[in-house]
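Novice: sequence isn't available, so here's the structure alone:
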Ligand code: XLS
Ligand code: CA
Ligand code: CA
């Protein structure tokens with residue numbers, strides 16, 4: 001049988017004592033943490049685009065990646081080889097899910113009809129591979145940002161023909177996601193936003209984006225797609241001002257257009273940091289508002305102001321993220337998708353394994369630390385105590401909507417000097433350290 005990564009066997013859990021590099025130190029899929037196995041908590045997914053189509057080029061340099069399918073010239077044959085390689089890769093790594101854009105997996109044709117035919121042919125192969133391996137589709141999406149016609153956006157384009165084309169593309173992508181039993185469908189379009197207000201009708205662009213999403217949700221229902229629909233916030237890049245800036249902006253948009261019961265959010269770590277937030281802030285905001293649907297697990301670089309999409313290896317970040325996921329009751333039907341790429345200088349095929357192993361281990365370790373922290377109740381009991389003035393007296397009346405400014409004024413005039421408590425940040429950070437270092 002053809003093998004794309006013959007130098008790698010199935011990656012096993014060997015524990016931190018092992019010096020085998022192609023093994024997990026912390027990720028043991030069968031290990032039970034609380035009420036679920038690690039595999040059930042983490043629901044890892046490989047991003048097809050970064051792992052199988054990224055070539056390592058940047059504005060200053062040529063492609064660097066060396067891939068086993070590089071020499072196949074026919075685009076359809078190359079696409080098929082990528083798909084077969086992807087399933088071998090995910091099987092060896094023991095990752096249960098993958099995500100893809102329509103245009104990652106199949107080459108474009110000369111017309112939309114021909115492009116759709118190419119996609120159908122590749123999707124048939126993906127279907128076959130899904131049956132053969134223990135790997136499923138976490139989410140599908142339509143790529144509405146590469147082609148020149150999307151220069152001004154998809155659903156927010158000033159040109160109605162582009163809107164229609166974007167709709168046709170999403171329709172097809174929903175069809176194939178449904179055919180492959182995808183559990184979610186993501187909408188991220190980095191060109192829906194604007195470069196300058198001088199040429200922009202912001203009101204119409206926002207209304208049209210909402211119209212587009214409503215039609216997409218209706219179509220999903222028509223074809224019996226019962227997966228979760230997700231918006232993915234990002235503040236900028238490629239567009240200067242993107243409409244889905246962050247979780248709060250995306251949530252406000254969903255509420256304004258009455259779409260919040262049909263869409264949840266796919267929160268990405270690197271997009272959080274680009275928006276000037278921490279990853280855990282975005283997760284907390286989405287969770288608190290009942291729209292934490294799925295996660296793109298990667299990280300940025302604090303010194304670089306762009307979307308570096310690195311593998312997540314910072315255990316503090318993964319601990320705080322898993323804390324939010326656990327408090328959310330898990331992510332199902334979402335998951336942790338590695339929207340991450342190996343660095344341009346990590347160009348050997350084996351680096352793809354190292355990148356994913358590093359990310360999976362960091363999240364497994366973060367899961368254990370977060371679980372221990374949740375179980376201990378050390379943070380929750382502190383927080384409960386901090387807000388206990390709302391449990392009785394005037395605080396209770398505030399929370400129950402049972403008071404007004406007249407009464408609050410009387411209460412304030414009667415109150416002796418107010419004594420507020422310390423926030424104890426440093427103490428709590430040392431509690432966190434204890435769980436990160438010894439979960
Ligand atoms: C780009 C986004 C994109 C989405 C899917 O920055 O992260 O890859 O996740 O279109
Ligand atoms: Ca993403
Ligand atoms: Ca990104």
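Specialist: Nice, thanks for sending it over. Keep in mind that what you see is a predicted model, and the values were worked out from it rather than measured. Ligands and ions are numbered 1, 2, ... in the order given.

Novice: list the residues that contact the residue of the stretch 301-439 of the chain found nearest ligand 2.
Specialist: In the stretch 301-439 of the chain, the residue that lies nearest ligand 2 is residue 339 (3.9 Å; CB to the ion). (Each C-beta comes from the backbone N, C-alpha and C, glycine too.) Shown in contact with residue 339 (CB atoms under 8 Å, 6 or more residues apart in numbering): 47, 50, 99, 268, 270, 296-298, 309.

Novice: can you do 10 Å?
Specialist: Applying CB atoms under 10 Å, 6 or more residues apart in numbering to residue 339 gives the contacts 45-47, 49-50, 99, 188, 232, 266, 268-271, 295-298, 307, 309, 312.

Novice: spell out which parts of this protein neighbour ligand 2.
Specialist: 268, 296, 339 (CB under 5 Å from the ion).

Novice: isn't residue 102 right up against residue 166?
Specialist: No - the criterion here is CB atoms under 10 Å, and residue 102 misses it with residue 166 at 11.6 Å.

Novice: which neighbours do the two have in common?
Specialist: 142, 144.

Novice: tally up the residues packed near the closest residue to ligand 2 within the stretch 1-150 of the chain, please.
Specialist: Across the stretch 1-150 of the chain, the shortest distance to ligand 2 (CB to the ion) belongs to residue 47, at 7.7 Å. Look at residue 47: counted by other CB atoms under 10 Å, it has 24 neighbours.

Novice: for it, which non-adjacent residue is closest in space?
Specialist: residue 339 (4.9 Å; CB to CB, 6 or more residues apart in numbering).

Novice: torsion angles phi and psi at the one you found?
Specialist: phi -80, psi 70 (degrees, to the nearest 10).

Novice: are any of the contacts of residue 339 buried, and which?
Specialist: Among the contacts of residue 339, those classed as buried by 16 or more other CB atoms under 10 Å are 45-47, 49-50, 99, 188, 232, 266, 268-271, 295-298, 307, 309, 312.

Novice: which ones among these map onto helices?
Specialist: Using DSSP state H, 269-271 are the members of these that sit in helices.

Novice: pLDDT for the residues you listed - can I get that in a markdown table?
Specialist: Shown next, in a markdown table, are these (pLDDT from 0 to 100):
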| residue | pLDDT |
| --- | --- |
| 269 | 98 |
| 270 | 98 |
| 271 | 98 |
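
Novice: which of these sits closest to ligand 2?
Specialist: For these, the nearest to ligand 2 is residue 271 (6.7 Å; CB to the ion).

Novice: now do the contacts for the closest one.
Specialist: Contacts of residue 271 (CB under 10 Å, 6+ apart): 188, 232-237, 242, 244-247, 277, 279, 282, 296, 298, 300, 307, 309, 339.

Novice: just those: which are in strands?
Specialist: Among the contacts of residue 271, the ones falling in strands (DSSP state E) are 242, 296.

Novice: of the ones in helices among the buried ones among the contacts of residue 339, closest to ligand 1?
Specialist: Nearest to ligand 1 among those: residue 271, at 6.6 Å, using CB to the nearest ligand atom.

Novice: can you tell me how far that closest one sits from residue 351?
Specialist: 24 Å (CB to CB, to the nearest Å).

Novice: kindly report the same for residue 373.
Specialist: 32 Å.

Novice: neighbour-wise, which of these two wins?
Specialist: Neighbours per residue, other CB under 10 Å: of residue 373 and residue 351, the larger number sits with residue 373, 23 against 16.

Novice: surely the more buried one is in contact with residue 379?
Specialist: Yes - under the criterion of CB under 10 Å, residue 373 makes contact with residue 379 at 6.3 Å.

Novice: mind pulling the model confidence for residue 130?
Specialist: For residue 130, the pLDDT comes out at 98.

Novice: kindly report the same for residue 1.
Specialist: 72.

Novice: burial count for it?
Specialist: 4.

Novice: likewise for residue 102?
Specialist: Residue 102 has 25 nearby residues by other CB under 10 Å.

Novice: okay, the residue of the stretch 301-439 of the chain closest to ligand 2: pLDDT?
Specialist: 98.

Novice: what parts of the stretch 301-439 of the chain come near ligand 1?
Specialist: Within the stretch 301-439 of the chain, the positions adjacent to ligand 1 are 307, 339 by CB under 6 Å from any ligand atom.

Novice: ok and the residue in the stretch 301-439 of the chain nearest ligand 3?
Specialist: residue 307 (4.2 Å).

Novice: wait, what's in contact with that residue?
Specialist: With CB under 10 Å, 6+ apart, residue 307 has these contacts: 190, 234, 236-238, 268, 270-271, 273-274, 298, 300-301, 339.

Novice: repeat that for residue 67.
Specialist: Counted by CB under 10 Å, 6+ apart, residue 67 has contacts 4, 51-56, 78, 81-82, 85, 347-349, 352.

Novice: does the residue of the stretch 1-150 of the chain closest to ligand 2 touch residue 89 like I think?
Specialist: No - contact between residue 47 and residue 89 fails when scored by CB under 10 Å: they sit 11.9 Å apart.
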